[in-house]
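*Asks:* Build me a structure from this.
(one chain, ligands or ions: 2)
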Amino acid sequence: MQYFDKVVYTFSADNEPTGTIDSGEIVIFRTQDCFSNQMHSESQLVTSCDYSKMNPATGPLFVRDAQPGDVIKVELLDVQCDTIGTTTTLPKIGPLWDKCETRTKRIPIENGKAVFNDVTFPINPMIGVIGVAPEKGKSVPCGYPGSHGGNMDNTAITTGATLYFPVAVEGALFGCGDMHAAMGDGEISVSGAEVAGYATVTLTALPDLHLVDPLIENGTHLGIIASAESLDAAADRAVHEMVDLLHDRTGVDEAELVMLLSLVADVQVCQMVDPQKTVRFMVPKYVLESLGFKL
Ligand code: CA
Ligand code: ZN
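*Replies:* Ligands and ions are numbered 1, 2, ... in the order given. Below is the predicted model:
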């Protein structure tokens with residue numbers, strides 16, 4: 001099994017691949033935390049970090065057979081975080097910066113539980129930054145989310161989930177990083193329990209699928225993940241794309257789909273603090289099966 005630990009700070013066709021793999025191969029990524037592992041104690045503030053080294057993504061990997069216009073399927077076989085996380089507030093970013101000073105908290109993790117002062121809670125190791133290179137000539141910092149994926153900070157991107165990304169350049173140039181041991185939907189402080197970790201994934205090129213924005217699938221739901229300048233705009237984008245996808249694949253009339261989805265599907269906030277905001281629109285898989293929908 002190939003193992004990768006080199007990082008980049010942008011998703012770009014100009015990044016030299018750190019490795020080449022066959023479609024369907026299982027690979028392991030060693031990921032740094034979003035601070036590039038620069039935070040070491042509670043007395044250290046995030047403002048002391050080198051900001052040019054934020055949100056590193058391990059990669060990029062060149063996946064043979066992945067062609068522009070296709071889709072790459074990413075199965076998250078295992079998402080494992082290290083045993084110490086870091087969370088922080090930031091000056092002047094996020095909805096609550098007026099409520100607090102810049103501060104750092106270390107979050108010990110043991111036996112599947114995280115500790116914040118006297119509060120202990122279960123972890124949900126998830127990947128914040130995950131995606132592929134955007135079209136040639138475009139370079140997106142890893143702190144930004146978009147159609148290529150990137151910093152989506154989606155709590156559903158965890159062990160057992162499968163993601164589908166639209167491929168914009170040959171080989172896809174896949175990367176991931178910014179693991180969180182825990183995060184609430186919204187990520188209101190601009191920080192999860194930021195942690196280094198290991199992600200074991202398979203990357204498979206799918207030539208017959210075409211997407212605008214990433215899809216996510218887990219045991220119970222299939223969703224579209226959309227990012228835009230506001231949560232409203234991101235939600236609008238996600239629900240439109242889902243209706244288009246279901247209409248194209250099932251032939252069911254749009255008004256019927258809109259009424260049905262209004263009863264059974266959920267708009268959920270991923271994050272509201274990054275340069276673009278991210279929403280997922282999740283439809284139960286039993287509903288998709290009843291409609292005769294297949295990817
Ligand atoms: Ca993030
Ligand atoms: Zn993060």
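*Asks:* Val279 and Val267 touch, don't they?
*Replies:* Yes: contact status for Val279 versus Val267: in contact at 6.1 Å, counting by Cβ atoms under 8 Å. In this view, the C-beta of every residue, glycine as well, is placed from N, C-alpha and C.
*Asks:* which residues are in contact with both of the two?
*Replies:* Listed contacts common to Val279 and Val267 are Ala235, Ala238; contacts here mean Cβ atoms under 8 Å, 6 or more residues apart in numbering.
*Asks:* Which one's more surrounded, those two?
*Replies:* A side-by-side neighbour count of Val279 and Val267, using other Cβ atoms under 10 Å, places Val279 first with 29 against 17.
*Asks:* Could you verify that the more buried one is part of a helix?
*Replies:* No: under the criterion used here (DSSP: H, G, I helix; E, B strand; the rest coil), Val279 is strand, not part of a helix.
*Asks:* Just list the residues touching it, thanks.
*Replies:* Val279 touches Ile225, Ala226, Ser227, Leu231, Ala234, Ala235, Arg237, Ala238, Val267, Gln268, Val269, Cys270, counting by Cβ under 8 Å, 6+ apart.
*Asks:* give me every residue that touches the residue lying closest to it once chain neighbours are set aside.
*Replies:* On the basis of Cβ to Cβ, 6 or more residues apart in numbering, the spatially nearest residue to Val279 that is not a chain neighbour turns out to be Ala234, at 4.1 Å. Contacts for Ala234 were tallied using Cβ under 8 Å, 6+ apart; they are Ala226, Ser227, Ala228, Gln276, Lys277, Thr278, Val279.
*Asks:* Buried ones in the host helix or strand of Ala234, by neighbour count?
*Replies:* Taking DSSP states H and E as the criterion, the element that holds Ala234 is helix 231-250. Residues Leu231, Ala234, Ala235, Arg237, Ala238, Val239, Glu241, Met242, Val243, Leu245, Leu246, Thr250 are the ones in helix 231-250 that count as buried (16 or more other Cβ atoms under 10 Å).
*Asks:* for the helix or strand just after it, which positions count as buried?
*Replies:* Going down the chain from helix 231-250, the next helix or strand is helix 254-264, by DSSP H and E. Neighbour counts over helix 254-264 (16+ other Cβ under 10 Å) mark Leu257, Leu260, Leu261 as buried.
*Asks:* same check, this time on stretch 270-281
*Replies:* By neighbour count with 16+ other Cβ under 10 Å, stretch 270-281 contains the buried residues Cys270, Gln271, Met272, Val273, Asp274, Gln276, Lys277, Thr278, Val279, Arg280, Phe281.
*Asks:* That one close to ligand 2?
*Replies:* No: contact between stretch 270-281 and ligand 2 is absent, the nearest approach being 9.2 Å (criterion: Cβ under 5 Å from the ion).
*Asks:* picking that back up, closest one of the contacts of Val279 to ligand 1?
*Replies:* Each of the contacts of Val279 was scored against ligand 1 by Cβ to the ion, and Cys270 proved nearest at 9.8 Å.
*Asks:* which stretch of helix or strand covers that closest one?
*Replies:* With DSSP H and E as criterion, Cys270 is part of strand 266-271.
*Asks:* Could you do Phe165 as well?
*Replies:* In this structure, Phe165 is located in strand 162-166 according to DSSP H and E.
*Asks:* tell me which strands and helices the following helix or strand past that strand is in contact with?
*Replies:* Sequence-wise, the next helix or strand beyond strand 162-166 is strand 172-180, with elements assigned using DSSP H and E. For strand 172-180, the elements it packs on are strand 7-8, strand 10-12, strand 25-31, strand 57-63, strand 71-81, strand 126-131, strand 194-195, strand 197-206, judged by 3 or more Cβ pairs under 8 Å, 6 or more residues apart in numbering; DSSP states H and E.
*Asks:* how about a markdown table for these, with mean neighbour count added?
*Replies:* Shown next, in a markdown table, are the helices and strands packed on strand 172-180 (neighbours: other Cβ atoms under 10 Å):
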| stretch | mean neighbour count |
| --- | --- |
| strand 7-8 | 20 |
| strand 10-12 | 23 |
| strand 25-31 | 20 |
| strand 57-63 | 26 |
| strand 71-81 | 21 |
| strand 126-131 | 29 |
| strand 194-195 | 26 |
| strand 197-206 | 20 |
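*Asks:* Check the offset of stretch 132-145 from the chain's centre.
*Replies:* Taking Cα atoms, centre = their mean, to the nearest Å, the mean C-alpha location of stretch 132-145 is offset from the chain mean by 14 Å.
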